[in-house]
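[1] No letters, just coordinates:
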């Protein structure tokens, strides 16, 4: 029985902080006796560069704390321990460790991923994994139904729109590490992802606002026989979306952290709607 399921059975309350502490404890057990110990100097340097830390001991891959000698991946754990203040920072560093290994060390990368995901599962922390040219990244999920429909599925379909896919993945990466200081930047990344999608979907290199002004998408919706009330609803949604990000993110720094999830889902919602129409159009043509 998983830890949180056990707590539920005993009718004990738990919160996200306790989940994070449990996740930390689970990984601590994993690194205490890892299935692999390889952590050479090049990997260590790459990892330290990613997380912005200095190498602990440049003279040897082994070092001692309170008389206990650490080698290999146990040494990597010391770096991770120093990033345990916030759960998302800690998780990001775990992912950075995976990505610091070269592709030739595929077995180690897979073992690390398995250890991280197993700990997340045990703590019932919902997550999703995305892979791009930089490696893997893991980001916490919200409501499963929304994440599947408005994040995971649009990402899969966006592979036919490579520039938009890359822009949306970049926005999701920044969203996974969002805080009150970079919330506006993250919001503008979602706007950029939607703008890039419009460019690939409708053609051209116009700004998102220009696609709104020249009614490109309205004409497409009309072509797809979408009722006028629904076309107006879609138009108002995109106008409000664009205005908010322009006024609070692109030209000012007023975006609150609690609005980002909505922007993420709204971006996926607009993309999903148009791609579904395109799929239907192709099916009817066949």
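    Cool, the structure landed. Everything quoted here is computed from the prediction, not taken from an experiment. Residues are numbered from 1 along each chain as shown.

[2] going forward, measure contacts and count neighbours with C-alpha atoms only.
    Will do.

[3] separation between residue 87 and residue 36?
    25 Å (C-alpha to C-alpha, to the nearest Å).

[4] how about the helix or strand hosting residue 107: buried residues?
    Using DSSP states H and E, the element containing residue 107 is helix 106-122. By 16 or more other C-alpha atoms under 10 Å, the buried positions in helix 106-122 come out as 108-109, 112-113, 115-120, 122.

[5] and for it, what are the contacting residues?
    2-4, 23, 26-27, 30, 35-36, 38, 94, 98-99, 101, 126-127 (C-alpha atoms under 8 Å, 6 or more residues apart in numbering).

[6] Not counting its neighbours along the chain, what's nearest residue 54?
    What sits nearest to residue 54 in space, not counting adjacent residues and going by C-alpha to C-alpha, 6 or more residues apart in numbering, is residue 48, at 6.1 Å.

[7] Packing partners of the host helix or strand of residue 42?
    When secondary structure is defined by DSSP H and E, residue 42 falls within helix 41-51. Contact analysis of helix 41-51 by 3 or more C-alpha pairs under 8 Å, 6 or more residues apart in numbering; DSSP states H and E lists helix 87-100 as its packing neighbours.

[8] Off-centre distance for the helix it packs on?
    Centroid separation for helix 87-100 versus its chain: 12 Å, with C-alpha atoms, centre = their mean, to the nearest Å.

[9] Determine the angle, from 0 to 180 degrees, between that helix and helix 106-122.
    160 degrees (axes from the mean of the first three to the mean of the last three C-alpha atoms, to 10 degrees).

[10] For the helix or strand containing residue 23, enumerate the helices and strands it packs against.
    Secondary-structure element containing residue 23, defined by DSSP H and E: helix 16-32. The helices and strands touching helix 16-32, judged by 3+ C-alpha pairs under 8 Å, 6+ apart, are helix 73-81, helix 106-122.

[11] Contacts for it next, please.
    Contacts to helix 16-32, defined as C-alpha under 8 Å, 6+ apart, come from residues 73-74, 77, 84, 87, 115-116, 119-120, 122-125.

[12] Lowest pLDDT pick from the contacts of helix 106-122?
    The lowest pLDDT within the contacts of helix 106-122 belongs to residue 3, which sits at 45.

[13] Near residue 259, how many other residues are there?
    Residue 259 has 12 neighbours, counted by other C-alpha atoms under 10 Å.

[14] Work out the gap between stretch 191-210 and the centre of the chain.
    How far stretch 191-210 lies from its chain's middle: 22 Å, per C-alpha atoms, centre = their mean.

[15] Make 50 the first number, not 1, from now on.
    Okay, using 50 as the starting number, the last item reads as stretch 240-259.

[16] what residues does that stretch touch?
    Contacts made with stretch 240-259 from outside it, assessed by C-alpha under 8 Å, 6+ apart, are listed as 210, 212-214, 216-217, 220, 260, 265-266, 291, 294, 316, 320.

[17] Please flag which of the residues you listed sit within strands.
    Residues from those lying in strands, with DSSP state E as the criterion: none.

[18] And those residues, which of them are buried?
    Buried by 16+ other C-alpha under 10 Å: 210, 212-214, 216-217, 220, 260, 266, 291, 294, 316, 320, out of these.

[19] buried sites along the biggest helix by length in the chain?
    Taking DSSP state H as the criterion, the chain has its longest helix at helix 309-334. Residues 309, 312-321, 323-324 are the ones in helix 309-334 that count as buried (16+ other C-alpha under 10 Å).

[20] tell me, how many neighbours does residue 247 end up with?
    Close neighbours of residue 247, defined as other C-alpha under 10 Å, add up to 23.

[21] I'd like to check the angle between the helix or strand hosting it and helix 309-334, please.
    According to DSSP H and E, residue 247 maps onto helix 232-251. The directions of helix 232-251 and helix 309-334 differ by 10 degrees, with the same axes, to 10 degrees as the criterion.
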